[in-house]
Every structure is written in C-alpha cells, then in structure tokens.
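**Q** Next come a sequence and a model predicted from it.
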Amino acid sequence: MNRHHIRRFMDNNLCHKSEILITGFLAFLKIWTTILQLGIGLVILFRTIGLATLASLAVIVLTVISNAPLAKLQHKFQSKLMVAQDKRLKASSEALVNMKVLKLYAWETHFKNVAKVAFSRIVNFLDAPELQSENLRKRCFSENLKDSISIKCADFSWEDDASKPTLRDINLDVIHGQKVAICGEVGSGKSTLLTTILGEVSKTKGTIDVHGRFAYVSQTAWIQTGTVRDNILFGSELDDQRYQETLQKSSLVKDLELFPYGDLTEIGLYHGRTQRKTVLLVTHQVDFLPAFDSILLMSNGAIQQAGPYHQLLTSSKEFNGLVNAHKETAGSDQLVSATFSQKSLTSIKSTQASALKQYKAPNGNQLIQQEERGKGDMGMKPYLQYLNRMKGYILLSMASLCYLIFMICQILQNSWMASNVDNPLVSTLQLVFVYFLIGVFSSVFMFIRCQCLVTLGLQSSKDLFSQLMNSLFRAPMSFYDFTPLGRVLSRVSSDLSIVDLDIPFSLSFAVAGTIGLYSNLIVLAVVTWQVLIVAIPMVYVAIHMQRYYFASAKEVMRLNGTTKSSLANHVAETVAGAFCLNEWLIQRLETISAVVLAATTLCLVMLPPGTFPSGIIGMALSYGLSLNGALVFAVQNQCTLANHIISVERLNQYMHIQSEAEEIVNGNRPPLNWPASGTIEINDLKIRYRYGGPLVLHGITCTFKAGHKIGIVGRTGSGKSTLIGALFRLVEPAEGKIVVDGIDISSIGLHDLRSRFGIIPQDPTLFNGTVRFNLDTLSQHTDQEIWEVLRKCQLREVVQGKKEGLNSSVVEDGSNWSMGQRQLFCLGRALLRRSRILVLDEATASIDNSTDLIVQKTIRVEFADCTVITVAHRIPTVMDCTMVLAISDGKLAEYDEPMSLMKREESMFRQLVKEYWSHFQSAESH
C-alpha cells in the first residue's frame, strides 16, 4: 500500500474508527444472545398459551422484515455522512498543515469556509490497492555481486493506466561503491526514478533488483516530533564517537549550542536545520557533478544519456545547457577573481569546526511543551460547554420532558392492559382501542424527542467546529511552532467525530436510561413498597460504584486522547482498557439488579391474596425482570456520556487560544493603492518567539528604498526568515516597528497587510484541487490572465498538454507535479497578485538551476520597478541586488551595496562569497 493511503488511514481512522470496530464486535455478540433469549421466550410462551404463540412470532418476523428498508436507508445516509466527513477533515488537515502559507497569502478565511465535515472510512483503507511485492525484488548483498541496483527494460507509473507510464524503458546498472548523479530539466522524472528504487511506484513492465540496504534522503526534509538525538539515531544504538562525528559533519554543532537542552531538545525544526540533519546533501547544483562516477541525464521520463561528467559535457547538448544554466545563475567569476586570490580561496578548505561539546540538559523549558490534559472530575463544566451552544439546554429539556411523557404513557398502556384484561365491563374492542390510542400518543412524543436531540447534536457540533476552526485559524504562528500538529489533528479528527455522532446518542441514551430506570422502580414501589427497603440502598451502591468507575475511566479516556496524537498503537491498548473498566462496572450492576429482583419477587409472593389483580402482579414482575437491563443501560450510558464529553473538554482547550491581531481594523485601513512605492523602514526591531524567551532579532535598523532589490544573507539560524516573518507579522515585535510607505504595519489589520504583499515561500505548497484553484484561489482573475501568467512561468505548454487544461488535477501536497513546477506555480501566484513588495524566502533553495534561472529572469522583468527582498540560500542570487543585508546571530552585521561589501576585508558577505566560490572552483577543477 502506498504512503498516501497509509497517511489517510492514520489521520482519518486510527484515532476513532478503531473504537467503532471494538464496539461493533461487542454489538455482534449481542446478536446470538438475542436469538437465544428469543428462542427461550417463545418456548415458554408456547407452553403457556399454545398455538397463539405463532401470532407473536409473526409480529416479530414482520418487524424484522420492515426494518430491512430502514437499514438500507440508514446505510445510504451513513455513506453520505462519511463522504462529507472525509471532505471536512481533508480540507481542515490540509489547511492546518500549511497554515504558514495560508497566513502569508491571507487565505485563512477562504480555507476556513472550505472545511466541511470529518473523516474517511476504514473501508477506504482496506480497499486501497496494495503495492505488489513483485514491483521490487530486494536481495541481500553479496561480495560476488557486481551490481547494487539493476533495472532492465522497465516502465513505471504513478497512475493505474499502464499505457501512459511515468518512466519508460529504464535500463540502469549501478555497481557497488559507485556514485551516480541524476540530472535533467523540471519534471523529467528524477525524483520518480529514486522513488521506484524504494518500491513506491508501480512497475508495469521489466524487472528491478536492489541488493543490500538503502537509505533515502527526500527533497523535502522530514523529522518526527522528538529530541534532536532521537531524530538522528532513529532507533539505532548510540555510538558516542560516531554520533559526535555525525554532528560535526552535518554542521549541527553551532545550532545545538543555541538550544536550551542541546541535542536533548524536543524539536519541530524549520527547513535549513532539518535538511542538514540528514547529513547526505541532495541538491540540484551542477557543480557537485564532477565528483560522481556516473551521471544520468533524464528527459520526459526516460534516461537519455549516461556517463562521466566530462564525457557528457562533450557529447550532450542538453547536459551542456544545464551546466551553462548553472554558470549563468552563478554569475561571472570575474568579480571573484578580481577580489580574491587563489591562495585565499583554497585557505577556506582548511577551516575546521570547533571542538564538540557533550550536551547536558540545563534548567529551562523544552521548545515543545507537554500536551495539556485535564485532571480529576470536571463536574458539569464540559456538559454546560456543550449545552450552551445555540441554547442546547432548552432542546435537552424538551427532549427529556417528551421522553418522560412517553414513559408515563408506556406505564399507563401496560397498566390498562393488566388491570382490564379480565374485566368483563371492558370489551375487547375498548381494550385494544385505548391501548392503541395511548401507543399513538406516546409515539408522537417520542418523535418530538428525537427531533429535539437531532437538532441539539447538529447545532452543537456545527458551533463547536466553527469556534474551533476560528480559534485555530486565528492562532499565531508561535502556537504551531510549539504545538505538534498531531495534537491539533487529533482534536479535528477524533474529538470532532465523537462530538458529531457519539455525544448526541450517548446523551439520548443516558437520559432515556435514567428515566426508564426510575420508572421501573416507581412501578415496583407502587405494587409493593417494601421493595424500597432493598432498592434505595442498592441505588446508593450503584451510584458509588459509578463514581469509583469514573475516577479511572475518565483518566483512561484522557490518556487515550493524548496518546492518539503521539503514538498510534497506544490507542488500541487504551481503548481496550476502557472496555475492561466497562465490563467491571456491568458485572457489579447486574449483581445489584439480581438482589433487587429477588427482593421484589419475595415481597410479591408474601402479599395477601387479592391485594392486586393478577395482571398487575405480572406487570410488576415484568418490570422487575427488566430492572437488570434498565440499570445497566442507564449507568453504562451515563458513563459513556461522561467519557465522550471529555472530547468537548479537549476541544475547549484549543477554542480559547490567544488570537493574532485583528484581520481588519475598520478605523485604520490603508489606501487601496498601498503600498504605492514600496519603501520599508525597520526601526530598532527586536523579536522573540514567546513571552520571556530569548531575543531572536536584536535591534535591526535599516531602510529598504522603493524599487530596490534587497538581498538578505546569513548562516542558518541567523534570523533571516524571522525578519521576513516580522514583515508579514507572523510574529509581533517585542520592541521597534516596521513602517511601509509611511504606515506602521502594526497599526493595520493582518488581512490588509498580508494581502498587499507578494511572496514566493521557501517550500512550494500546492493544495488539493485544480491548476486554476492553485493559481487563483480566490477566483479574482480571468482564464486569459491565468494563461498569460503560465506563459511567463514557462508552464503553459505543460498545462495545455493535459486534457483538462486549467482544470487539471493537483493532488494533496502537489505531489503529481515536480518540485520545480511547484515553485513556478508559486511564481505564478506572485505574478497574478502584482504586489509592489515581493519577498523570496529562500525560494530557490530546493530547485534546479534552470528553474532558478526562469524565476530570476521573470522577477527581473516583471518586478523591475518593485521592491524585491530575497532571502538568499545561493550566493549568486543576491549578486545583482542593489543592497545586501547581512545578519549574524540576530544582529545586523552590515548593510551596503554588494561591491562595497566585497571590498571590505572584514566583511561577512565577502566571507560567504569567498566560501561559496572556493567550493565552486574546487568542483570545477575535478
């Protein structure tokens, strides 16, 4: 099964649907017990009244048959419900995962409105097609083997249609110990080829053999919530010497010195550090290619040529084009040659990292805080939180009153039949008519009760979901920085699903069970009051047991909720524990009921003859027999409701998150043409990510003049992205301010601010939908404008080549488009917005040089008169900027023209350029 099906299953089902499986299994056990009870009852009835039993059997059969259409109707609506739930969770999860992008583009409101209902079904997971084992033959490595990887005449396809393979006619032999590079234009199939070696892409033709083990470094770095050490070791034994060498080679030593707990710090790292953590560098930069034994040149899903670097350089025009594109993005080496001597360049190679330290956990707080979990009995608070939604307590009161009337009607109905069945003054027609009339009257109140409870559940669920989404979408980015996404998704998935369905039913059954239990006791007390001597103490014992059960069961359900967001396998264990507690309670309740029934029977036997008609005595015994089920049903559903209401408690924890600033400040809205020129003044800007935390930016002061191209450089963790976050107010200043065209950005609404700026983010993000939706999410532009933007981004031919054109599918995460194409789509968004201020947040860090060249050329032409701020990952991207801002440890190190900085011997920018060109010339010399 591919990873997309597994991911969908984990998100949608494991949190909650596993509980339904367990509940369903217990319900299945009741089927045969019901059949057994029915059979015994019919035998007793036949021995008592003879052939008249057939009438009862006929009624039972007709009832079962009449339920069949209702079951089909319920299945139909249940299927629709699950589809709707899937859409809601899909939209909610996608929005929460990409919350930073939504805030940068000011799309929160739109995506909040798109989110609809909750989950996918387990059947979607079980029916998902398995990846066939023959797609990949993994074998142990042997010294006698020549090849580590062997692919013969193979086709591979992401889609089910084998006639259109993603990769075709692949022939590849990789010798053990050989280093092979794969290059090609955007969308040529480079990443797909690596994925086929992992066995993630279906093979439609040929063979593929992989000998030995393999490690994979994805283009987008991936880590788990946990400590730095856990993410590096990933389950392996700690070899201290090897571990320290790994930290040094992956350039993490300096970063760990900044963390309060060193490598024991719990993390959710941003792109720069996560990618370095993987140790093996995966890049599009052509200057690494001379070091490889073999290079594969790919185009249109096929390997065009293969060979060493210098051989391809002389024999392949396409490869020459890639190398030339890299040199063009790198810029002329004349500047470096004029500035640095060869000796100074080579001296960079001898620079070594400082000595490593053993990291110990100091006093301080972890970056990732423990999940909040309620303790003890919360009393009526969560119930009131649920019932206060849309005046739910009124609907509950009406439903309870209707059910009380229904139970009174049931007692009157049975009493009428019991007292008059032998009464000669009441005819059979009168007996049946009154009995039927009371039944119809009670059915009306039962229908009203159901309507009230359905309305209560629907309104409360919608209101809770709406308030939760408002709170999450308005939460500051610091909340997502310090809160693992699994905790949020657990509430959006499992807890919301419980609120949707389980709480309304639990509430209904708890009220009905309680009223039914006390109705039974009242009937018994009326017939023989002596039973109260036993019943009252037994009710007290039952309540005491229920409280004793609550003390453990509530904590189990809270642990269940918190473990869902960390370790999925704990869910099943915790749920199983909850059911064990339920069975413990049921066993003791049944014992209490048996004692009350025995006392009732004894009292009835001891009554003087003629005290009550035989029918009333029989009715009392009938109610006594049903007391066992009534007590279990009432207490069990009260406990179930108490367990489910914890979901409301957990949702409420995230419904009162401190919000960001207002989206729109009506009294201080900027002009429609703001920003008109694009001048940015930064005055003594100080930033910290949370109250009481250390400063990340220390008093930055500078001015970005209108129309200038500003490059921001610095080492990883220096504060470059934080400065951009401050510009978009993803984080609010602790001190200082940013003024854009005379307006302090802190004085206007966030939507007014973010919607006026353009940005191409570090990680290109596409959403599930169409090409049109991903370019023009708010539907503000015509198709002609979109096609023109695609032409400028060199994506027009690719999109036109698809049957649906602008309606072509984009799957979740945009994984059916290459990384370079995704970045070009983000460029298209910026072109459609046409902002006077454009920010490139390390936008070309993960794309190939030819795509980088397209982006840079398009920006130079289309944003010639705009202020462009580039956070640089590759030094050449800022060489043609008018000004360069260098940041070191959150402080402004220097801010001047590139040429002026290059002339300063002590310049930080000069040092960065020197290191880059030292590496570049070293690669060229191979």
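**A** Done, it's in. Numbers count the residues shown, from 1 in each chain.
**Q** Name the nearest residue to residue 794, ignoring sequence neighbours.
**A** Nearest residue to residue 794 in three dimensions, chain neighbours excluded: residue 854, at 5.6 Å (C-beta to C-beta, 6 or more residues apart in numbering). For the C-beta atoms, the positions are set from N, CA and C on the backbone; glycine is no exception.
**Q** quick one: residue 656 and residue 471 touch, right?
**A** Yes. The criterion here is C-beta atoms under 8 Å, and residue 656 meets it with residue 471 at 6.8 Å.
**Q** Which one's more surrounded, the two?
**A** For residue 656 versus residue 471, neighbours defined as other C-beta atoms under 10 Å are more numerous around residue 471 (19 against 9).
**Q** Could you identify the helix or strand that succeeds the strand or helix carrying the residue nearest to residue 794?
**A** Per DSSP states H and E, residue 854 falls inside helix 849-862. As assigned by DSSP H and E, the chain's next helix or strand after helix 849-862 is strand 867-871.
**Q** which residue ranges form the helices in the stretch 51-200 of the chain?
**A** Residue ranges of the helices in the stretch 51-200 of the chain, as given by DSSP state H, counting those that start in this stretch, are 53-97, 99-105, 108-114, 122-126, 190-198.
**Q** Format these as CSV; extra columns: mean pLDDT.
**A** Conversion of these to CSV gives the following (pLDDT from 0 to 100):
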stretch, mean pLDDT
helix 53-97, 78
helix 99-105, 77
helix 108-114, 67
helix 122-126, 40
helix 190-198, 77
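**Q** just those: most buried one?
**A** helix 99-105 (a mean of 22; mean count of other C-beta atoms under 10 Å).
**Q** Can I get that helix in CSV, CA atoms only?
**A** The C-alpha trace of helix 99-105 is given here as CSV (Å, rounded to 0.1, in the frame of the first residue of the first chain):
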residue,chain,number,x,y,z
MET,A,99,-1.1,27.2,8.0
LYS,A,100,2.0,29.4,7.5
VAL,A,101,1.4,29.6,3.7
LEU,A,102,-2.3,30.5,4.3
LYS,A,103,-1.3,33.3,6.6
LEU,A,104,1.3,34.6,4.2
TYR,A,105,-1.2,34.7,1.4
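**Q** For burial, what's the neighbour tally of residue 51?
**A** 7.
**Q** Now for the chain, the helix or strand with the poorest mean pLDDT.
**A** Sorting the helices and strands of the chain by mean pLDDT, DSSP states H and E puts helix 122-126 at the bottom, at a mean of 40.
**Q** right, and the helix or strand after the longest helix along the chain?
**A** Ranked by residue count and defined by DSSP state H, the top helix of the chain is helix 428-474. Downstream of helix 428-474, the first helix or strand assigned by DSSP H and E is helix 477-482.
**Q** Does anything pack onto that next one? Which helices or strands?
**A** With contacts taken as 3 or more C-beta pairs under 8 Å, 6 or more residues apart in numbering; DSSP states H and E, helix 477-482 sits against helix 99-105.
**Q** Pull out the buried positions in stretch 776-786.
**A** 776-777, 786 (16 or more other C-beta atoms under 10 Å).
**Q** Flag whichever of these scores worst on pLDDT.
**A** Among the buried residues of stretch 776-786, residue 777 has the lowest pLDDT, at 86.
**Q** quick one: low-confidence parts of the stretch 751-900 of the chain?
**A** Per-residue confidence for the stretch 751-900 of the chain (pLDDT under 70) gives these ranges: 843-849, 873-874.
**Q** what about the strands in it?
**A** Using DSSP state E, counting those that start in this stretch, the strands of the stretch 751-900 of the chain run over residues 758-760, 769-770, 809-810, 837-841, 867-871, 883-888, 891-896.
**Q** quick one: which of the ones you listed is nearest residue 109?
**A** Closest approach to residue 109 among the strands of the stretch 751-900 of the chain (C-beta to C-beta): strand 769-770, 16.9 Å.
**Q** So which elements touch that closest one?
**A** So strand 769-770, by 3+ C-beta pairs under 8 Å, 6+ apart, packs with strand 809-810.
**Q** Against which helices or strands is the strand it packs on packed?
**A** In terms of contacts (3+ C-beta pairs under 8 Å, 6+ apart), strand 809-810 is packed against strand 769-770, helix 771-775.
**Q** what comes into contact with it?
**A** Applying C-beta atoms under 8 Å, 6 or more residues apart in numbering, the contact partners of strand 809-810 are 766-771, 773-774, 816-817.
**Q** and the residue nearest to residue 306 when sequence neighbours are not counted, what does it touch?
**A** Once flanking residues are discounted, residue 306 sits nearest to residue 296: 5.1 Å by C-beta to C-beta, 6+ apart. Residue 296 sits next to 172, 180-183, 193, 303, 305-306 when contact means C-beta under 8 Å, 6+ apart.
**Q** in the stretch 501-650 of the chain, what spans have low per-residue confidence?
**A** For the stretch 501-650 of the chain, the ranges with pLDDT under 70 are 528-532, 534-535, 545-546, 548-629.
**Q** one more time with 80
**A** 520-521, 523-636, 639, 643 (pLDDT under 80).
**Q** my read: residue 822 touches residue 771, true?
**A** No. Proximity of residue 822 to residue 771 does not meet the contact threshold set by C-beta under 8 Å, at 11.5 Å.
**Q** I'd guessed residue 410 sits against residue 442; true?
**A** Yes. The criterion here is C-beta under 8 Å, and residue 410 meets it with residue 442 at 6.2 Å.
**Q** neighbour-wise, which of these two wins?
**A** Higher neighbour count among residue 410 and residue 442: residue 442, with 20 against 16, using other C-beta under 10 Å.
**Q** Chain neighbours aside, what residue packs nearest to the more buried one?
**A** Nearest residue to residue 442, sequence neighbours excluded (C-beta to C-beta, 6+ apart): residue 409, at 3.4 Å.
**Q** now for the strand or helix carrying the one you found, which elements pack on it?
**A** Assigned by DSSP H and E, residue 409 belongs to helix 392-420. Using 3+ C-beta pairs under 8 Å, 6+ apart as the contact test, the elements touching helix 392-420 are helix 381-387, helix 428-474, helix 503-527, helix 614-653.
**Q** 6 Å instead?
**A** helix 428-474, helix 503-527, helix 614-653 (3 or more C-beta pairs under 6 Å, 6 or more residues apart in numbering; DSSP states H and E).
**Q** quick one: which of the ones you listed is nearest residue 744?
**A** Ranking these by proximity to residue 744 (C-beta to C-beta) places helix 428-474 first, at 21.5 Å.
**Q** tell me the angle of that closest one relative to helix 503-527?
**A** Relative orientation of helix 428-474 and helix 503-527, computed by axes from the mean of the first three to the mean of the last three C-alpha atoms, to 10 degrees: 140 degrees.
**Q** Nearest to residue 447 among the contacts of residue 296?
**A** Distances from residue 447 to the contacts of residue 296, taken by C-beta to C-beta, are shortest for residue 193, at 63.1 Å.
**Q** Next, residue 237: secondary structure please.
**A** With DSSP: H, G, I helix; E, B strand; the rest coil as the basis, residue 237 sits in coil.
**Q** What about it, how many residues nearby?
**A** 7.
**Q** Residue numbering should commence at 388 henceforth.
**A** Shifting the count to begin at 388 puts that one at residue 624.
**Q** any idea how far it is from residue 600?
**A** 16 Å (C-beta to C-beta, to the nearest Å).
**Q** Just give the number of residues close to the closest residue to residue 477 other than its chain neighbours.
**A** In this structure, residue 477 finds its nearest non-sequential neighbour in residue 1155, 6.9 Å apart by C-beta to C-beta, 6+ apart. Using other C-beta under 10 Å, the number of residues around residue 1155 comes to 15.
**Q** Next up, phi/psi of residue 1155, please.
**A** phi -60, psi 130 (degrees, to the nearest 10).
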